[in-house]
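the sequence and its predicted three-dimensional model are supplied below.
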Amino acid sequence: MGAFPLSDRLACAVRLGVAVLAAGMLAACAPPAAGDHIIYLSDLEPLPPPPSEDVVPLRVAVAAVISPTGTLESYQPLLDYISDETGRPVELIQRRTYAEINDLIKRGEVDVAFVCTSAYVEGHRDFGMELLAAPQVNGAPVYYSLLIVPADSPAQNMVDLRGSVFAFTDPMSTTGRVYPTYLVEQLGSTPAAFFSRTFFTYSHDDAIRAVASGVADGAAVDSLVYEAAIQRDPSLTERVRIIQRSPPFAAPPVVVNPALRPRLRAEIQALLFDLPYSPEGREILDALGVERFVPISDSAYDPVRELIDAVTPLAQAGE
């Protein structure tokens, strides 16, 4: 059979294409057969926008009041909540000492931080660290230094701990170093001379464990951490005993870098204040062991300033 001329072949191809297209259109217009899966383009939801590479993470530091593992367990629900509400990823930053956290805030490498009371006093004096909120427990934003000993210890007060092994928490800690040092100096001595040996645990829960296990004969710890530790492990009451409680101190605050944008500062503050008003928020507060976050003024920390000024600086004490 002879070949068709090129013009005839092109005409056939065009007629064939039109026929296939028409058949497809008719099939699309026909009612669906039983069992056919129909996709309606009008029902499709738009694709979510791709994450922006310009979104800067919110950097939140938590001072080593409790051990890193305990910090992660207690604070992760709050950090996740802040991330969801602000639409920004949140980075948890931890360091071994309170002073290291203060340095990060000072250099602008941290936006928000949960710090020790003395760390706030020093940071405010050094570079204008600003208050954001304070935790409230038992109806007030205060806490105490608890002097603890093993349950079978005969000690009844600091005098009885002369010549013992004592665990401090952090060099900058109000409850874990400054206040017990004040007690010793009121007895006319220094920690180096009064105790047979001292060491730093760099967290309050580790100081509690040191006493409970007999590694230390005594320690002074944050009452908020102690109460939370007892709730997690009630058996601690059989191994540790409180022999002295300090006057109340303004609670360890939430602080911000003074250069933080006012709008972001206000947003985070509002999130903290609103936590008691939702089931999720109350679960977050329960994980932290606090009732709520409340406003607090700088003047609330004046007694701590007086305490710090009354105690020999660590470098001069030779500890």
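Yes, it's here. Residues are numbered from 1 along each chain as shown.

low-confidence regions, this protein specifically.
The chain contains residues with pLDDT under 70 at 1-54, 65-70, 72, 314-319.

quick one: buried residues of stretch 285-301?
285, 288, 289, 290, 291, 292, 293, 296, 300, 301 (16 or more other CB atoms under 10 Å). The C-beta positions use only the backbone N, C-alpha and C, and glycine is treated the same way.

could you list every helix and strand in contact with the helix or strand residue 266 falls within?
Per DSSP states H and E: residue 266 is located in helix 262-273. Under the contact definition 3 or more CB pairs under 8 Å, 6 or more residues apart in numbering; DSSP states H and E, helix 262-273 sits against helix 68-86, strand 130-136, strand 254-256, strand 292-294.

who's in contact with stretch 287-299?
73-75, 77-78, 124, 131, 133-139, 141, 224, 227-228, 231, 250-251, 253-254, 272-273, 275-276, 285 (CB atoms under 8 Å, 6 or more residues apart in numbering).

for that stretch, how far is the first residue from the last?
29 Å (CA to CA, to the nearest Å).

okay, now the domains of the protein?
58-141+251-309, 143-249 (automatic domain parsing).

would you point to the one among those that's packed deepest?
domain 143-249 (a mean of 20; mean count of other CB atoms under 10 Å).

for the residue lying closest to residue 85 once chain neighbours are set aside, list the residues it contacts.
Leaving aside its sequence neighbours, residue 85 sits nearest to residue 271 (CB to CB, 6 or more residues apart in numbering; 5.5 Å). Contact analysis of residue 271 by CB under 8 Å, 6+ apart lists 81, 82, 85, 86.

the helices in the stretch 1-150 of the chain, which residues?
Taking DSSP state H, counting those that start in this stretch to define them, one finds helices in the stretch 1-150 of the chain at 6-29, 68-86, 98-106, 117-127.

so what's residue 254 up against?
112, 113, 114, 115, 131, 132, 133, 134, 135, 272, 293.

rerun at 10 Å
60, 62, 112-115, 120, 131-135, 268-269, 272, 293, 296 (CB atoms under 10 Å, 6 or more residues apart in numbering).

residue 120 versus that one, what's the distance?
Here residue 254 is placed at a distance of 10 Å from residue 120 (CB to CB, to the nearest Å).

next: residue 206.
For residue 206, the distance to residue 120 - CB to CB - is 22 Å.

dihedrals phi and psi, residue 171?
The phi/psi pair for residue 171 (degrees, to the nearest 10) reads phi -60, psi -30.

residue 189: what secondary structure?
Counting by DSSP: H, G, I helix; E, B strand; the rest coil, the backbone at residue 189 sits in coil.

contacting residues for the residue nearest to it when sequence neighbours are not counted?
Among residues not flanking residue 189 along the chain, residue 162 sits closest, at 8.0 Å (CB to CB, 6+ apart). Residues in contact with residue 162 (CB under 10 Å, 6+ apart) are 155, 184, 187, 189, 193, 194, 195, 196.

from what I can see residue 97 touches residue 171, true?
Yes - shown here, residue 97 and residue 171 form a contact pair, counting by CB atoms under 10 Å, at 7.0 Å.

need the overlap of contacts for these two.
200, 202.

all strands for the stretch 101-250 of the chain, in order.
112-114, 130-136, 142-143, 145-150, 165-168, 197-200, 218-222, 240-245, 249-250 (DSSP state E, counting those that start in this stretch).
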